[in-house]
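Enquirer: okay, predicted coordinates and the sequence, questions at the end:
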Amino acid sequence: QVQLVESGGGLVQAGGSLKLSCTASGRTFSNYVMGWFRQAPGKEREFVAAISRSSTLLHYADSVKGRFTISRENAKNTVNLQMNTLKPEDTAVYYCAANPSTDYFGTYDRAPSYTSWGQGTQVTVSS
């Protein structure tokens with residue numbers, strides 16, 4: 001498995017921006033589909049964004065489309081989530097995750113397909 005560490009969370013006012021980063025170690029990073037998920041208090045973990053191994057495929061949850069951008073740098077073993085125009089409803093713990101499946105379209109938004117998870121980073125958006 002790959003080990004993942006997130007950074008970049010914090011407190012921001014509505015309309016502001018944050019950039020989350022996730023650094024991987026332990027396995028060949030480019031072998032994994034990478035995703036971001038989030039979990040708000042009292043809610044289930046939900047898909048936010050995913051990126052394929054070579055960055056050719058990107059997908060977003062409807063709630064963040066047009067505001068969030070996922071990217072990766074395989075040479076640096078990192079995946080990023082640029083979050084703009086943040087809303088109070090974006091408040092959650094954000095998790096980076098790695099998916100070893102070769103079936104991108106069948107698994108990119110499914111949490112059980114991701115076999116490695118970071119510890120999470122808190123994002124709080126005040127109104």
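Expert: Received the coordinates, thanks. Computed from a predicted model, the values in this text were never measured in an experiment.
Enquirer: going forward, measure contacts and count neighbours with C-alpha atoms only.
Expert: Will do.
Enquirer: the worst-scoring helix or strand of the chain on mean pLDDT: which residues count as buried?
Expert: Of all the helices and strands that make up the chain, the one with the lowest confidence by mean pLDDT, DSSP states H and E is helix 104-107; it has a mean of 92. Buried residues in helix 104-107, counting neighbours by 16 or more other Cα atoms under 10 Å, are found at Y104, T107.
Enquirer: pull the CA atoms of it into PDB?
Expert: What follows is helix 104-107 as a C-alpha-only set of coordinates in PDB (Å, rounded to 0.1, in the frame of the first residue of the first chain):
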ATOM      1  CA  TYR A 104     -11.200   4.000 -13.600                       C
ATOM      2  CA  PHE A 105     -14.800   4.700 -14.700                       C
ATOM      3  CA  GLY A 106     -16.200   1.900 -12.600                       C
ATOM      4  CA  THR A 107     -14.400   3.000  -9.400                       C
END
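Enquirer: quick check: next helix or strand after that helix?
Expert: Moving toward the C-terminus from helix 104-107, the first helix or strand encountered (DSSP states H and E) is strand 116-117.
Enquirer: and the contacts of the helix or strand following that following strand?
Expert: Using DSSP H and E, the next helix or strand after strand 116-117 towards the C-terminus is strand 121-126. Residues lying outside strand 121-126 but in contact with it, judged by Cα atoms under 8 Å, 6 or more residues apart in numbering, are 6-14, 86-95.
Enquirer: which of those residues are buried?
Expert: Among the contacts of strand 121-126, those that count as buried by neighbour count (16+ other Cα under 10 Å) are 6-7, 9, 12, 14, 86-87, 90-95.
Enquirer: and the two most separated of the residues you listed?
Expert: Distances among the buried ones among the contacts of strand 121-126 were taken as Cα to Cα; the most separated pair is E6 and A14, at 21.9 Å.
Enquirer: show the contacting residues for the most centrally placed residue in the chain.
Expert: Central residue check for the chain by Cα atoms, centre = their mean: the C-alpha nearest the mean position is that of W36, 1.9 Å away. If a contact means Cα under 8 Å, 6+ apart, then W36 has F47, V48, A49, A50, L81, Y94, Y95, C96, A97 as its contacts.
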